[in-house]
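Trainee: Generate a structure from the sequence data that follows.
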Amino acid sequence: MDKKNALRAGALAAGTTLMMLLMSSPALALTRDDGDDPGPGLSVIETLGLFVVAPIVLFVGIAALVWVLDRSKDRQDPTSSNITVKGGAKAEA
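Mentor: Residues are numbered from 1 along each chain as shown. Here you go, the predicted model:
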């Protein structure tokens, strides 16, 4: 029964991929629309800076802010700090 389900899932995935490829027409991207005014393209360095370096810098910056401003040490569990043990009796198993 597992082989039938796997075959069915594979056929569905292949059919969906094929339909998406057939329905999308990249040739239409070559025709310009009225009022379309694209700017100059980005260089490789600009592209890497914008899509690789900038997100990494933002992530590190936000993580550093969270780490610096974290006050979790001030909020300890109050139940573990106010337990007192009276006497020297040990629990027996």
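Trainee: after the top helix by length along the chain, next one along is what?
Mentor: Assignment by DSSP state H gives helix 2-23 as the longest helix of the chain. For helix 2-23, the following helix or strand on the C-terminal side (DSSP states H and E) is helix 44-48.
Trainee: Quick one: distance of that following helix to the chain centre.
Mentor: 22 Å (C-alpha atoms, centre = their mean, to the nearest Å).
Trainee: And stretch 52-67, by the same measure?
Mentor: With C-alpha atoms, centre = their mean as the basis, stretch 52-67 stands 14 Å off its chain's centre.
Trainee: low pLDDT regions in this protein?
Mentor: For the chain, applying pLDDT under 70 flags the ranges 1, 25-29, 73-85, 87-93.
Trainee: change it to 50
Mentor: The model of the chain has no residue with pLDDT under 50.
Trainee: rewinding a little: can you give the contact residues for the longest helix of the chain?
Mentor: Contact with helix 2-23 is made by no outside residue, as judged by C-beta atoms under 8 Å, 6 or more residues apart in numbering. (Glycine included, C-beta is placed from N, CA and C.)
Trainee: Only C-alpha atoms, please: export that helix in CSV.
Mentor: What follows is helix 2-23, C-alpha atoms only, in CSV (Å, rounded to 0.1, in the frame of the first residue of the first chain):
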residue,chain,number,x,y,z
ASP,A,2,2.9,2.4,0.6
LYS,A,3,4.2,1.9,-2.9
LYS,A,4,0.9,3.0,-4.3
ASN,A,5,0.7,6.1,-2.2
ALA,A,6,4.3,7.0,-3.1
LEU,A,7,3.6,6.5,-6.8
ARG,A,8,0.5,8.6,-6.5
ALA,A,9,2.3,11.4,-4.7
GLY,A,10,5.1,11.3,-7.2
ALA,A,11,2.7,11.4,-10.1
LEU,A,12,0.8,14.3,-8.5
ALA,A,13,4.0,16.3,-7.9
ALA,A,14,5.2,15.7,-11.4
GLY,A,15,1.9,16.6,-12.9
THR,A,16,1.7,19.8,-10.8
THR,A,17,5.2,20.8,-11.8
LEU,A,18,4.5,20.2,-15.4
MET,A,19,1.3,22.2,-15.3
MET,A,20,3.0,25.1,-13.6
LEU,A,21,5.8,25.1,-16.2
LEU,A,22,3.3,25.0,-19.1
MET,A,23,1.1,27.7,-17.6
